[in-house]
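>>> One predicted model, sequence on top.
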Amino acid sequence: MACNVFPPYHLRVLPSKLELLSLLVALSANSLGHICLAQQPAPPATQARYHFGDNPKWSSPTLDDSSWPVATGNLIPWPPAAGDGMLWLRFHVVVPPDRSPLAVRLDRDQGACSPGEFWVNGVYVGSQGRFLPQSFATERCESGVFNVPAGVVAPGGTAVVSWRGWLSPIWRSRIDFTPPILFSVSIGSRALELSRESEVRARAELALRFDVFLWSIEALIACLLLVIWWRARAGGSLFWFAIFALSWSAMGYWNALRPIGLSYIVFWLIASVFWAIVNVSLFEFIRAALHSPLWAVRTLEGIGILWPVLLFLPALAIRSIPALSLLVVVLYLLVGIAFLGVIALATWAWWRGARERRGLAVTLFCAGVAYMLVDNLGVITRVRVGSIEVQPDNLATALVTAAMCYQLLIRVWADWRKKEELDAEFEAAREVQQQLVAPAVDLPGFEVQSVYLPAKRVGGDFFRILPAREGSVLLVIGDVSGKGLKAAMTVSAIMGSLRGCTAEQPGEILTYLNRVLCGLVDGFVTCSVALIKQDGTMTLVNAGNPAPYCNGAELAVIPGLPLGILSDASYEENCYTIAIGDRLTFVSDGVLEATDANGDLYGFERTRAASDKPAHRIAREAELFGQEDDITVLSIMRMPDCNPAVA
């Protein structure tokens, strides 16, 4: 069985020749040739003669057309690009000896229809589309069968069928490599010709069944990838590849299932938009998956948007213009640059990129090479295996989709496993931190409140309240620079150091911690240590931590250098008297640095105004204002009838 031939003005072939999809590569695309039959048009049922130009007399059955060129191999040469696009075809058709109502039928596939008028023996029998100046070419024929008036032809004789047509500049601009393909005509019983026309339409739709199947699979895979991307919060590569596959399949549906009578201008407008989406999503996928240079990706995206625009412009032309041929040259040049860009980015990623990205790079490299050969050069136009026929670029896209999906899902699975392991580590760190920074409890003679809200699952704030000798209370509060797991590990080291500290005075404790932390931490640690005795005397030493508040007023504190910067730093003690009923409030910088949607800080004034409130209210207000860092609030109130605490 011979392969169907799709004319250059068939919508399904025009994109096929220009499917510049820069991502479709099938690792085996170059090996498709051994299963593809040679694309040879079937010989015409009747000999066709052609003539460029326009003359109403050429419809006459008495015209001597023996000097007209004969179409060879069912093809005619390219029409003159600078001409008016008018073309006449003449067929000498044998009329069957059937006296039933007759009809003339165009024997061709359901491709795009240029405007045309039909004569049988000089009698006008019908037309398709409209001629200049209101030219209207459709992307799908409304009918290929036209009734022949009674008495126009003699049964058993020979009739002259003439076709006067206009080829749009988009078809004369050689966007397709295939020269114009003729249709053949036949005259027969009207019922028989209508039945044959229905059979041809059904056969054309049947030929698309595997393409439609592939488009459906690609669309389904794209939707599943979007769901996985949404649920797994995967990276941009999965999202952009899903958009690419979805837009590609949508463009395939649009290409094949266009409505009857649709203007080719409308078709090319929507097709160009689809192409732009395909190109942009492709290069965004390359950027996200291969970490390609941003300037190169943005340049190729601009080209990927520009060439669909140039592809659409010839569809707007109704007359040939000198710049049209130059536009086509620029179009193919941009397409070639886009392909070479894909190849170059894939090569760069394989050579300079991480090892885990080499599989994607090889797939994209093969895509660029294969599609340069298949689509841009037209090496293969259709692939046929038995009764199954498919466009090679669509088959390659399906293979690419499968290869890409496998690699992307493997990466998603690996990332998910790493995330699970990291979650387990965070959970273990959180449990340890909860034990190290346990909520404070009341001590004899003191009411204690504490709130700790890490910005992440674990944080870098810490505090500790311990009973000291003779009913005294020792309070330590601090903040490690940074957030997350690294800061939490530093907190663990600090809390362990406090357990091994034998010093009792605040200054000695800070000096000890400073020596321990120097060289141990990359950043620094702010810290305050206070010792409150039974009689209300308080000694406070500060190492860069926010000053505490007493009854809503900020205490004057001699500042000290944060811990971990200089090993020989010294710290001065501040002495205060805390009366019965006084409330001391210590906060971390996470309270002061809370930021709202307008970028305003919670700041010192709001903190001072809220400092006499319970600890949980202060922390809650800062959190709702806009938490940016770990929030710690620690308050202690001296109660009446203080009894000595057990040391």
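Nice, I can see it.

>>> so what's residue 549 up against?
Contacts of residue 549 were listed using Cβ atoms under 8 Å, 6 or more residues apart in numbering, and they are 555, 584, 585, 587, 607, 608, 611, 612. In short, each C-beta sits where N, CA and C put it, glycine included.

>>> Run through the bridge partners of it.
Beta-bridge partners of residue 549, counted by DSSP bridges, are residue 554, residue 585.

>>> Secondary structure element for residue 62, which one?
According to DSSP states H and E, residue 62 maps onto no helix or strand at all.

>>> Could you list the domains of this structure?
What the record gives for the chain is the domain set 43-205, 207-416, 437-638, from automatic domain parsing.

>>> Among the contacts of residue 549, name the buried ones.
Applying 16 or more other Cβ atoms under 10 Å to those, the neighbour count classes 584, 585, 587, 607, 611 as buried.

>>> a strand runs through residue 482, doesn't it?
No - assigned with DSSP: H, G, I helix; E, B strand; the rest coil, residue 482 falls outside any strand and is coil.

>>> from memory it sits against residue 461, does it?
No - taking contacts as Cβ atoms under 8 Å, residue 482 lies outside contact range of residue 461: 11.2 Å.

>>> ok, the two, which is more surrounded?
Shown here are residue 482 and residue 461; by other Cβ atoms under 10 Å, residue 461 has more neighbours (28 against 18).

>>> Distance-wise, check the more buried one relative to residue 483.
10 Å (Cβ to Cβ, to the nearest Å).

>>> how about the most centrally placed residue in the chain, what does it touch?
Compute the mean C-alpha point of the chain, and by Cα atoms, centre = their mean the closest residue is residue 240, 1.9 Å away. Contacts for residue 240 (Cβ under 8 Å, 6+ apart) come out as 281, 282, 284, 285, 288.

>>> again, only using 6 Å
281, 284, 285, 288 (Cβ atoms under 6 Å, 6 or more residues apart in numbering).

>>> Now do the SS call for the last one.
In other words, residue 288. Secondary structure of residue 288, per three-state DSSP, is helix.

>>> now do the same end-to-end measure for stretch 452-461.
8 Å (Cα to Cα, to the nearest Å).

>>> ok, now stretch 95-105?
Per Cα to Cα, the first residue of stretch 95-105 is 12 Å away from its last.

>>> burial count for residue 86?
Applying other Cβ under 10 Å, we find 17 residues neighbouring residue 86.

>>> hang on, it packs against residue 54?
Yes - at 3.9 Å, residue 86 counts as touching residue 54 under the criterion of Cβ atoms under 6 Å.

>>> Residue 612 contacts residue 552, doesn't it?
Yes - contact status for residue 612 versus residue 552: in contact at 4.1 Å, counting by Cβ under 6 Å.

>>> List the buried residues of stretch 617-633.
Buried residues in stretch 617-633 (16+ other Cβ under 10 Å): 618-623, 625-633.

>>> Could you do stretch 532-542 as well?
For stretch 532-542, by 16+ other Cβ under 10 Å, it's 532, 533, 534, 538, 539, 540, 541, 542.

>>> what's the answer for stretch 283-301, then?
283-290, 292, 296-297, 300-301.

>>> Repeat that for stretch 202-215.
Neighbour-count burial for stretch 202-215 [16+ other Cβ under 10 Å]: 204, 207, 208, 210, 211, 212, 214, 215.
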